[in-house]
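J.: could you work out the structure for the sequence below:
(4 chains)
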Protein chains: 2
Amino acid sequence: MQDIFISPLQNALVSWVEAFPKAKVTAFVLADPTKVQKEADVVFWLHMNEDRQEWLANTISLIQKKYKNAKIAVLANAPNQAEALHVMSLGVLAYSHAYSPAKVLSEIKMVIINGGVWMGQDLLKRLIEVSTNLAGNQAELVNQHLKLLTKREKEVAIEAAKGLSNKEIARILNITERTVKAHLSSTFERLGAKDRLHLALMLNKKA
Amino acid sequence: MQDIFISPLQNALVSWVEAFPKAKVTAFVLADPTKVQKEADVVFWLHMNEDRQEWLANTISLIQKKYKNAKIAVLANAPNQAEALHVMSLGVLAYSHAYSPAKVLSEIKMVIINGGVWMGQDLLKRLIEVSTNLAGNQAELVNQHLKLLTKREKEVAIEAAKGLSNKEIARILNITERTVKAHLSSTFERLGAKDRLHLALMLNKKA
DNA sequence: CTTTTTATTGTACTTTAGGCCAATAGTTTT
DNA sequence: AAAACTATTGGCCTAAAGTACAATAAAAAG
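T.: Have a look, this model is predicted:
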């Protein structure tokens, strides 16, 4: 298991050396690795400067093409969530600060060679928030609306929000179209929706 | 640093013992911990059965209330992404399989006591996808639809999807209501929407 | 046991929406 | 230059949506 730091710096940072005394530090990825290198387990630590975003994307793609089993971690001088998200969507397995202490670097390596992914807590928190907004809180919001309705109104409202016509809803719920209208009118009033389209927007709203 | 497994099982699983020989296994959280316990660093490993979802939520909240510095990990018999997301949004720091090997359990512990968060690669991948969908692909999807429309149709469609009436759209775009209808009819045809509500659902669709 | 809320339906009326047929003028494509 | 597409509007017609006023029976709340 070899560690390769790709950095514009002449010398490795002390924490890098401390964590991985036998690591190599180079400025570029070897475009034509030997077969051995290609197949071996390698961890690439890409040192990211603010002004090398394009370089980073290219390097990641180059590594993925040339080294089959390589794991890629990115160490950023100025970490930010947007960049983290971006590079991780490209297949990078870890994203941390370039000046992370040796202990953290070791931890990162342990995680990624065991098939894990490493990122800061803040970033993950945000990810989870965003995702649960979609499935969870989103349902919560909708629920807040539906809670204002009676059982029957709820049923009607949900069908209407899917785009069904009054007649279709009537058939499904086994009531007359007139009754559907009654429930909907009441629903509009309770939720402050001006018509079924607004109702649909309320109940399908993205968070 | 103490490890406490909360599980309905009589005996700890072998991998648990292997990873943490000194861990306790109990069926319930101590509702009234001593001051020492309260302040100490404790890792709670909650063993999750399919049929104990409510128990899990309650237990998490109880621990968070009673133990200030506790870290909580969930070990599920049948892990699934929805549950993982849910519990992590409640503050759980790790989610893994109950039968994870000792090595993985150790790794998890190391990560969370160092302020990290642990989850499987698949889940994280999905999280990232979802997040990037929100900002990127989602707009892409909508764009795919709008791309099929002429400039004017697009303008009309967007307003209609917001819930505006034909009359309102006409006023905004300075055309007659009749023209709005014409654009909309054409739009429905091109996008295969049966009416403005379906159009709205298409253009407001969550990813 | 009253009072309130919910569920249901009726008749009638107004407003919207959407489709059909048709026309004109400007733009783009072939 | 001819054909196809785009933007605009008109009249007409049907169906759907939504409101107003109203009534009845069952269920829930107080």
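J.: quick check: mean pLDDT of the helix or strand where residue A:95 lies?
T.: For residue A:95, the element it lies in under DSSP states H and E is strand A:94-97. The average of the pLDDT scores along strand A:94-97 is 88.
J.: pull out the buried positions in that strand.
T.: With burial defined by 16 or more other C-beta atoms under 10 Å in any protein chain shown, the residues of strand A:94-97 counted as buried are A:94, A:95, A:96. From N, CA and C alone the C-beta is placed, and that goes for glycine too.
J.: which residues sit in contact with the last one?
T.: Shown in contact with residue A:96 (C-beta atoms under 8 Å, 6 or more residues apart in numbering or on different chains): A:73, A:74, A:75, A:76, A:79, A:104, A:105, A:108, A:118, A:119, A:120.
J.: nearest to residue B:193, of those residues?
T.: For the contacts of residue A:96, the residue nearest residue B:193 by C-beta to C-beta is residue A:119; the value is 40.2 Å.
J.: how near is the spatially closest residue to the closest one that is not a sequence neighbour to chain B?
T.: Spatial nearest neighbour of residue A:119, excluding adjacent residues (C-beta to C-beta, 6 or more residues apart in numbering or on different chains): residue A:95 at 5.4 Å. Per C-beta to the nearest C-beta, to the nearest Å, residue A:95 is found 11 Å from chain B.
J.: ok, residue A:29 next?
T.: Counting by C-beta to the nearest C-beta, the gap from residue A:29 to chain B is 23 Å.
J.: isn't that residue up against residue A:62?
T.: Yes - contact status for residue A:29 versus residue A:62: in contact at 5.4 Å, counting by C-beta atoms under 8 Å.
J.: ok, these two, which is more surrounded?
T.: The neighbour comparison of residue A:29 against residue A:62 (other C-beta atoms under 10 Å in any protein chain shown) goes to residue A:29, with 18 against 14.
J.: returning to what we had before: turn the buried residues of strand A:94-97 into a markdown table, including distance to residue B:42.
T.: Below are the buried residues of strand A:94-97 laid out as a markdown table (distance: C-beta to C-beta, whole Å):
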| residue | distance to residue B:42 |
| --- | --- |
| A:94 | 28 |
| A:95 | 29 |
| A:96 | 27 |
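J.: nearest to residue B:167, of these?
T.: residue A:95 (51.6 Å).
J.: circling back: in TSV, list the contacts of residue A:96 along with secondary structure, distance to DNA strand C and pLDDT.
T.: Converted to TSV, the contacts of residue A:96 look like this (DSSP: H, G, I helix; E, B strand; the rest coil; distance: C-beta to the nearest atom of the strand, whole Å; pLDDT from 0 to 100):
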residue	secondary structure	distance to DNA strand C	pLDDT
A:73	strand	48	94
A:74	strand	43	94
A:75	strand	49	93
A:76	strand	45	90
A:79	coil	46	82
A:104	helix	56	85
A:105	helix	56	90
A:108	helix	53	87
A:118	strand	50	82
A:119	coil	46	76
A:120	coil	47	71
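J.: pLDDT of stretch A:154-168, averaged?
T.: In the prediction, stretch A:154-168 has an average pLDDT of 91.
J.: stretch A:15-30 now?
T.: 88.
J.: for that stretch, buried residues please.
T.: A:15, A:16, A:19, A:20, A:23, A:25, A:29, A:30.
J.: and for stretch A:144-155?
T.: A:145, A:146, A:149, A:152, A:153, A:154, A:155.
J.: ditto for stretch A:183-198
T.: A:183, A:184, A:186, A:187, A:188, A:191, A:193, A:196, A:197, A:198.
J.: need the residues you listed in JSON lines with pLDDT, can you?
T.: JSON lines is the format used below for the buried residues of stretch A:183-198 (pLDDT from 0 to 100):
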{"residue": "A:183", "pLDDT": "95"}
{"residue": "A:184", "pLDDT": "94"}
{"residue": "A:186", "pLDDT": "93"}
{"residue": "A:187", "pLDDT": "92"}
{"residue": "A:188", "pLDDT": "92"}
{"residue": "A:191", "pLDDT": "88"}
{"residue": "A:193", "pLDDT": "91"}
{"residue": "A:196", "pLDDT": "94"}
{"residue": "A:197", "pLDDT": "95"}
{"residue": "A:198", "pLDDT": "93"}
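J.: how close does residue A:19 sit to DNA strand D?
T.: The spacing between residue A:19 and DNA strand D, counted by C-beta to the nearest atom of the strand, to the nearest Å, is 60 Å.
J.: gap between that residue and residue A:205?
T.: With distances taken as C-beta to C-beta, to the nearest Å, residue A:19 is found 47 Å from residue A:205.
J.: and residue A:23, by the same measure?
T.: Here the criterion is C-beta to C-beta. By it, residue A:23 lies 50 Å from residue A:205.
J.: again with residue A:196
T.: Here residue A:196 is placed at a distance of 15 Å from residue A:205 (C-beta to C-beta).
J.: ok, and residue A:91, which helix or strand is that part of?
T.: Here residue A:91 is assigned to no helix or strand, by DSSP H and E.
J.: that one - nearest residue in space that isn't next to it in sequence?
T.: residue A:64 (6.2 Å).
J.: try residue A:176
T.: Nearest non-adjacent residue to residue A:176 (C-beta to C-beta, 6+ apart): residue A:170, at 5.8 Å.
J.: the one you found looks like it's in a helix, true?
T.: Yes - counting by DSSP: H, G, I helix; E, B strand; the rest coil, residue A:170 is part of a helix.
J.: my guess is it contacts residue A:181. True?
T.: No - using C-beta under 8 Å, residue A:170 is not in contact with residue A:181, being 9.1 Å away.
J.: between the two, who's got more neighbours?
T.: Neighbour comparison, residue A:170 and residue A:181: the larger count goes to residue A:170, with 19 against 14 (by other C-beta under 10 Å).
J.: list the contacts of the more buried one.
T.: A:176, A:177, A:179, A:180.
J.: so which residues of chain A form helices?
T.: Along chain A, the segments classed as helices by DSSP state H run A:14-19, A:35-39, A:53-66, A:81-89, A:102-113, A:121-135, A:137-146, A:151-162, A:166-173, A:177-191, A:196-204.
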